[in-house]
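>>> quick one, what's the 3D model for this:
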Amino acid sequence: MERAFQRTQILTNHLLQSSTPLPSQTLSSNACLSYSPPELSENYAFDVKEMRKLIDSHNLEERDWLFGLMKQSELFNPKVKGGKVFVSPDYNQSMEQQREMTLKRIKYLQERGVFKGWLTEKGEEIEMRKFSGFEIFSIYDHSLFTKLGVHFPMWGGAIQFCGTKHHHDKWLRDTENYSIKGCFAMTELGHGSNIRSLETVTTYDSNTGEFVINTPCESAQKFWIGGAAKHATHTVVFSQLHINGINQGVHAFIVQIRDVDGNICPNIRIADCGHKIGLNGVDNGRIWFDNVRVPRENLLNSVADVSPDGKYLSSIKNPDQRFAAFMAPMTVGRVNIAIGAVYQSKVALAITIRYALTRRAFSLKPNEPEVLLLDYPSHQRRLFPLVAKTYAMSFAANYLKVLYAKRTPQSNKGIHIVSSSFKATFTWNNMQILQECREACGGQGLRTENRVGHLKGEYDVQSTFEGDNFLLMQLVSKALFAEYMAAQKRNKVFKGLGLEHMNKPCPVIPSQLTSTTLRCSQFQMDALCLRERDLLNRFVADVLKCKAKGENTEQAFNTCYELAKDLGRAFSEQAIFQKFVEAESTLPAGSLKNVLGTLRSLYASICIEDVSFLRYGYLSVDNGANVRREITKLCNELRPHALALISSFGIPDAFLSPIAFNWIDTNSWSLV
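Sure thing, here's the model as predicted:
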C-alpha cells in the first residue's frame, strides 16, 4: 500500500505540475523530457502509400490481413506499453517454451488458411503470395520465419522439384496441411557448404526393393537440422548413392523419423543441438541413420532413378551436370533469406529513426533546448545511407522474387548466381544495419523489448547458412570468370549476368567530380560498371597467371580469393543499382520521384565511397573527399523526409517496439 500511495503522489505531482516537492522524490516538468510524436512536427512531402506500393510491390492487402491475424491472437504475445499494443515473442521464455510457441503459432496460421495452396497450386501468383508471407514472418520472429522456411520451401520444395508426380500426390497436401512436419537433412557435422562431399551413404537392396541409409562415421551425422530435435515427422536425406559399388553422387530420399505418437523411428538416433545465440524457437537437431530402410519410391527421382533390379537410370550422363540439375531448385532458400534480410533491416531502421526523431541530447548553446538526435549531421550520416541501402535492396529483392517465380530450366543458372550474390550482400548489409541501429539507440538498444539489439543475435546466422557468404562471393566470381572465358573463346559479345556493359567502350571517371556529376545516374552507373569490369579483367588475368605457374583451376581461384570477394560485391552492387534505376524510371515527375532520386544518389555514393575505388585507383584522393562531402549533403536533404521514408515500409506500429513511440511513458515509474 505504501508503494502504491507513493506512486500516486508522484504521478499527481507530475500531472498537476505542483511546485511543492515531496519529501523523498521530486518529479517536475522539463521540456527536454517531454515526448512529442514526430507526426506533429514532421511533414510528408510525398505519398507514403504510393511509396509503399513501389517498395513492397505485391500482395499489399494480403500482407495487411496477415499482420492483423497475428496481432489479434494471444499466441503472438501482445503487450501494452506506453498506451500501445506491441506483439513480439517472449524471449525470456525457456528454449523449450519458445519452441512450443513457434509450433502453436504455425498451427494457428495453418487453421486460418494462411498456407492454402502453397504447395498444391502452381504459378507466379502463388509464389509471390508465399514470398509476401515470409516477409511478414521475418518482421515478427526469425524462428517462425525459419521453421516455416524449412517446412515449406526446403522439405516441401525438395519434393516439388526433385520428386515426380507420385511424390507430389502422396506428400504435398499433407505437408501443406501440416499433418506432416518436414525437415531438410543436408548439412553434416563435417560438411556444410561442400555438398558434393557429404558422407552419408545409401545403397540399394534389389532383393527387397529398398534403399539402405547409413551414417558411417561421426562427421557424417546430420547437423543443425531445423525441426529434427522435437517436431519433425519426416525428412529429406541428402546422401551419396552407391549402386553396384559405384558412387553416383548426392541424391535425396524421403525418410520418416517419428511415428504418429512422436516416437523416434527404429534405427534412427536424434540429439538436440542445444541453446543458440538466437533462433531458440527452432528445434535444431542431429540425426544418425543405422541401416534405415526406405522403399525404392522414396528416392526423389526427377533427375535420376534406380530400377527395381538395381540399375542406375538418368538422362544426364555428365555427373557435374546431373549434380547442378539436382541442386538448381534449391536456390529458393537463398532467395527467402535475401528477402527476409531486407525486412529485418526495415524493422531496425523504423524503430531507430522514430527514436531519433523524439530523443534529445545536449544543447548547442547554454539554456537552449537539447537537440533531436536526428538533427545532428553525424546521426544523419550513420542512418540515412542505411535507409538508402534498404530501399536499394527492396527493389533488387523484388526483381529476384519475380526472376524466381518465372523461372525456367534455362534461367536456373542465372537465378543461382544472382540469389547467391544477393543473399551474401543483403545479409552482410543487414548485420551492418542492425549493429549501427543498436549503437544509434544507445542503452535502449540493449533492451530485448526494443528489438534492435536482439535482432543481431537472431539474424547473425544468415551470414553462414544456405552458404557461407565468402564462399558465395567466390561462386559468383567463378561464374563471371566462366562467362568471360566463354565470350573470349567464341569471340562473341557478352550476354547474360548483366555483363552486357562489357561490350561498350570502357567508362572514364572525370578528373574532377562535381556535385552535378555525382548525382547523375549515368555517371553512377558508369562508375559501378567500371569497377566490375576492371575487377573482372584483373581476376581473369590473375587466375590465368596462377594456372600458368602450374596451379589447377581451383588452386588459382583460392589464391585470388581477395579479388574474388571484391568482384562478387562489385557485381552485386551494380545489379542492385540497376534495379533501383529501373524502379525510379517507372515514376512520373514529382515529389516521389525526386526523393527517390536523392536516395538513389546516396546509395550510389556510398558504393563509390567504398575502399575498392581508392584501392584500385578509380578515384583520386581529392575525388574521394568530394564523394564524402556529397554524402553529407544528401543525408541533410533527406532529413525532412525521415518519417515518411520509414513509414513507407508499411510496418504496423505493433510490430515495432516501445522505443519507437512514447519511450518516456513506457519507462515511467507507474509501469515498473
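
>>> isn't residue 227 up against residue 147?
Yes. Using CB atoms under 8 Å, residue 227 makes contact with residue 147 at a distance of 6.4 Å. Using the backbone N, CA and C atoms, a C-beta is placed for each residue, glycine as well.

>>> between these two, which contacts overlap?
Shared contacts of residue 227 and residue 147, defined by CB atoms under 8 Å, 6 or more residues apart in numbering, comprise residue 282.

>>> residues in contact with the host helix or strand of residue 630?
Secondary-structure element containing residue 630, defined by DSSP states H and E: helix 621-638. Helix 621-638 is contacted by residues 377, 380-381, 384-385, 387, 509, 511-515, 518-519, 595, 598-599, 601-602, 605-606, 608-609, 613-614, 619, 645 when judged by CB under 8 Å, 6+ apart.

>>> pull the residues that contact stretch 489-504.
Counting by CB under 8 Å, 6+ apart, 414, 417-418, 479-480, 483-484, 487, 529, 532-533, 536, 571, 574-575, 578 sit against stretch 489-504.

>>> in it, what counts as buried?
Judged by neighbour count (16 or more other CB atoms under 10 Å), stretch 489-504 contains these buried residues: 494, 497, 498, 499, 501, 502.

>>> so for it, what's the average pLDDT?
For stretch 489-504, mean pLDDT rounds to 89.

>>> stretch 184-193 now?
Per-residue pLDDT values across stretch 184-193 average out to 94.

>>> tell me how far the ends of it are from each other?
Using CA to CA, to the nearest Å, the end-to-end distance of stretch 184-193 comes out at 15 Å.

>>> pull out the buried residues from it.
The neighbour-count criterion (16+ other CB under 10 Å) identifies 184, 185, 186, 187, 188, 189, 191, 192 as the buried residues of stretch 184-193.

>>> so residue 206 sits against residue 296, correct?
No. In terms of CB under 8 Å, residue 206 does not count as a neighbour of residue 296; the distance is 9.3 Å.

>>> residue 220 and residue 187 touch, don't they?
No. When contacts are counted by CB under 8 Å, residue 220 is not listed as touching residue 187 (11.2 Å).

>>> how about residue 647, nearest residue that isn't a chain neighbour?
Once its chain neighbours are removed from consideration, residue 647 has its nearest residue in residue 48; the separation is 5.0 Å (CB to CB, 6 or more residues apart in numbering).

>>> only the buried subset of the contacts of stretch 489-504, as a ChimeraX command please.
The buried subset of these, as determined by 16+ other CB under 10 Å, is captured in ChimeraX by this line:
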select :417,418,479,480,483,484,487,529,532,533,536,571,574,575,578
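
>>> next SSE after the strand or helix carrying residue 388?
Assigning secondary structure by DSSP H and E places residue 388 in helix 377-405. Downstream of helix 377-405, the first helix or strand assigned by DSSP H and E is helix 412-440.

>>> helices or strands up against that next one?
When contacts are defined as 3 or more CB pairs under 8 Å, 6 or more residues apart in numbering; DSSP states H and E, helix 412-440 packs onto helix 332-356, helix 377-405, helix 452-459, helix 469-490, helix 561-585.

>>> quick one: it to helix 561-585, angle?
90 degrees (axes from the mean of the first three to the mean of the last three CA atoms, to 10 degrees).

>>> count the neighbours of residue 156 for me.
Burial of residue 156, expressed as a neighbour count using other CB atoms under 10 Å, amounts to 24.

>>> gap between the residue nearest in space to the middle of the chain and residue 540?
Geometric centre of the chain, nearest residue: residue 341, 2.6 Å, by CA atoms, centre = their mean. According to CB to CB, to the nearest Å, residue 341 stands 30 Å off from residue 540.

>>> and the gap between the residue lying closest to residue 109 once chain neighbours are set aside and residue 179?
The shortest distance from residue 109 to any residue that is not its chain neighbour, by CB to CB, 6+ apart, is 6.9 Å, and that residue is residue 115. When CB to CB is the yardstick, residue 115 and residue 179 sit 12 Å from each other.

>>> of these two, who's got more company?
Legend: neighbour count by other CB under 10 Å for residue 115 and residue 179, higher for residue 115 (23 against 11).

>>> separation between that one and residue 40?
Here residue 115 is placed at a distance of 41 Å from residue 40 (CB to CB).

>>> quick one: contacts of the helix or strand containing residue 211?
With the criterion set as DSSP H and E, the secondary-structure element containing residue 211 is strand 210-214. Taking contacts as CB under 8 Å, 6+ apart, the residues outside strand 210-214 that touch it are 200-205, 237, 239, 253, 255, 289-296, 298-299, 306.

>>> can you give me the helices for the stretch 1-150 of the chain?
Secondary structure of the stretch 1-150 of the chain (DSSP state H, counting those that start in this stretch): helices at 2-16, 48-56, 60-71, 95-111, 124-140, 142-149.

>>> mind putting the ones you listed in a markdown table, mean neighbour count and distance to residue 662 included?
Shown next, in a markdown table, are those (neighbours: other CB atoms under 10 Å; distance: least, CB to CB, whole Å):
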| stretch | mean neighbour count | distance to residue 662 |
| --- | --- | --- |
| helix 2-16 | 12 | 14 |
| helix 48-56 | 17 | 21 |
| helix 60-71 | 16 | 19 |
| helix 95-111 | 18 | 28 |
| helix 124-140 | 21 | 22 |
| helix 142-149 | 26 | 27 |
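
>>> closest one to residue 263 among those?
Go through the helices of the stretch 1-150 of the chain one by one with CB to CB and the one that ends up closest to residue 263 is helix 95-111, at 17.3 Å.
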